[in-house]
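Colleague: sequence plus predicted model, see below.
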Amino acid sequence: MNSDLANTPAPPYFAVIFTSRRAAGDDGYSAMAERMQELASQQAGFLGVESVRGTDGVGITVSYWSSLESIRAWKAVSEHRAAQELGRSQWYESYRVRVCRVEREYGLDG
């Protein structure tokens, strides 16, 4: 299986889709993004993550979770909350967060 794709369990489970447009400059963003992925992976209910960013600054990160409760718990982690505040104040021009229930999945493993 492609290691860039999250290895999720059989549905149902939940996805948090974070779509953003970055502001210019890094200002510690890359290090924080790496830390948030590491920290998220240690949370109960975390199932995986997939993330891409285009040269135009638009990025999509999808994290997968076992339950809505695990998503709420992740949102409340103090280090994550601090990163969210930095995102609002300096790293993002705009963003959207969408929470979805995954009902079905299929694909090709190569």
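Modeller: Structure received.

Colleague: contacts, neighbours, all on C-alpha from now
Modeller: OK.

Colleague: thinking W74 is in contact with S41, fair?
Modeller: No - the criterion here is CA atoms under 8 Å, and W74 misses it with S41 at 10.1 Å.

Colleague: please say which of the two ends up with more neighbours.
Modeller: Comparing W74 with S41 by other CA atoms under 10 Å, the one with more neighbours is W74, at 21 against 15.

Colleague: buried sites along whichever strand or helix holds that one?
Modeller: In this structure, W74 sits in helix 68-76 according to DSSP states H and E. By neighbour count on 16 or more other CA atoms under 10 Å, the buried set for helix 68-76 is L68, S70, I71, W74.

Colleague: next helix or strand past the longest helix along the chain?
Modeller: Secondary structure of the chain per DSSP state H: the longest helix is helix 29-41. Reading on from helix 29-41 to the C-terminus, the next helix or strand found by DSSP H and E is strand 46-53.

Colleague: how distant is that next one from the center of its chain?
Modeller: 5 Å (CA atoms, centre = their mean, to the nearest Å).

Colleague: tell me the buried residues in that strand?
Modeller: Neighbour-count burial for strand 46-53 [16+ other CA under 10 Å]: F46, L47, G48, V49, S51.

Colleague: pLDDT added to the buried residues of helix 68-76, as CSV?
Modeller: Formatted as CSV, the buried residues of helix 68-76 follow (pLDDT from 0 to 100):
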residue, pLDDT
L68, 98
S70, 98
I71, 98
W74, 97
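
Colleague: which pair of those spans the longest distance?
Modeller: Greatest spacing in the buried residues of helix 68-76, by CA to CA: L68 and W74 (9.9 Å).

Colleague: returning to that earlier point: what's in contact with the longest helix of the chain?
Modeller: Residues outside helix 29-41 that contact it (CA atoms under 8 Å, 6 or more residues apart in numbering) are F46, L47, G48, V49, W74, H80, A83, W91.

Colleague: same thing but 10 Å
Modeller: Applying CA atoms under 10 Å, 6 or more residues apart in numbering, the contact partners of helix 29-41 are 22, 42, 46-51, 63, 71, 74-75, 77, 79-80, 83, 86-87, 90-92.

Colleague: let me see the mean pLDDT of it.
Modeller: Across helix 29-41, the average pLDDT comes to 95.
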